[in-house]
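Engineer: sequence first, predicted model second:
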Amino acid sequence: MLPLGPTQVPVDEIDIWIVSHGGVASNALCDHLEKQSIRCRPDNYGLVCHKQHPGEQIGKPILVIHGDYLNAIRSMDRRDFLTVNAAKMCLGLNAPEIPLSRFLQSFPKDPVGFSMFLNSFLEAKNSGLDNVVFLRYPYSNEQANNALQQLGIDIDLSGFELRERKKKFSPRSKDVKKILEIYSEFNFEE
């Protein structure tokens, strides 16, 4: 079991920090990069892959993968990651025991933390604190390659392909239905 957070990004263990809100194939891209010796999975990857920017310089290139928000929520819920990812994005904690209803109460306009998470990286980018590039899911290999090149990462993406989303989904709770309603018009612009 992962320890409780918050936790620091171990910059000595990575070449690039890849973060996402979840449900956007960031793990698939990390797998591909790791196979080509690009370090993007530190020992505490599970604690920092959905963490907000800490507001102090990381000093490593940062790729933020986001988009397809409603399907990302459905994907996280289907795989039982919605609550734990909300805790990471909203609180910086690995706390899957916090019920979704608490996030709805505490963060009624952003219960999963999409806005908080994405805006933390936008602020770091706009202030020049770190080299941050956003990549909107679903993305092509060309788009991913362009984003990585902007970060100084030259990689061969041949053989990498986003797999098609699983379509089977039905919300398991009224809280998930409410969250889907809240984010029905959500769109983040870099």
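Structural biologist: Arrived safely.

Engineer: name the SS class of residue 77, please.
Structural biologist: When states are read from DSSP: H, G, I helix; E, B strand; the rest coil, the local structure at residue 77 comes out as helix.

Engineer: doesn't residue 172 make contact with it?
Structural biologist: Yes: at 6.5 Å, residue 77 and residue 172 qualify as touching, with contact defined as CB atoms under 8 Å. Where C-beta positions appear, they are placed from N, C-alpha and C, glycine not excepted.

Engineer: more neighbours: which of the two?
Structural biologist: The neighbour count for residue 77 versus residue 172, taken as other CB atoms under 10 Å, is higher for residue 77 (23 against 12).

Engineer: show me what contacts the nearest residue to the more buried one once chain neighbours are set aside?
Structural biologist: Sequence neighbours aside, residue 176 is the residue nearest to residue 77 in space, at 5.1 Å (criterion: CB to CB, 6 or more residues apart in numbering). Contacts were defined as CB atoms under 8 Å, 6 or more residues apart in numbering; by that measure residue 176 touches 73, 77, 82, 100.

Engineer: contact partners for the last one?
Structural biologist: Residues counted as contacts of residue 100 (CB under 8 Å, 6+ apart) are 82-83, 86, 111, 173, 175-176, 179.

Engineer: out of these, which are buried?
Structural biologist: For the contacts of residue 100, a burial check counting by 16 or more other CB atoms under 10 Å picks out 82-83, 86, 111, 175-176, 179.

Engineer: quick one: which of those residues sit in helices?
Structural biologist: 82-83, 86, 175-176, 179 (DSSP state H).

Engineer: list just the nearest of the residues you listed to residue 161.
Structural biologist: When those are compared for distance to residue 161 (CB to CB), residue 82 comes out closest, at 25.6 Å.

Engineer: pipe the buried ones among the contacts of residue 100 into TSV and attach pLDDT per row.
Structural biologist: Compiled in TSV, the buried ones among the contacts of residue 100 are given as follows (pLDDT from 0 to 100):
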residue	pLDDT
82	94
83	94
86	96
111	98
175	95
176	94
179	96
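
Engineer: how about a markdown table for those, with distance to residue 55 added?
Structural biologist: Below are the buried ones among the contacts of residue 100 laid out as a markdown table (distance: CB to CB, whole Å):
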| residue | distance to residue 55 |
| --- | --- |
| 82 | 25 |
| 83 | 25 |
| 86 | 20 |
| 111 | 22 |
| 175 | 30 |
| 176 | 30 |
| 179 | 26 |
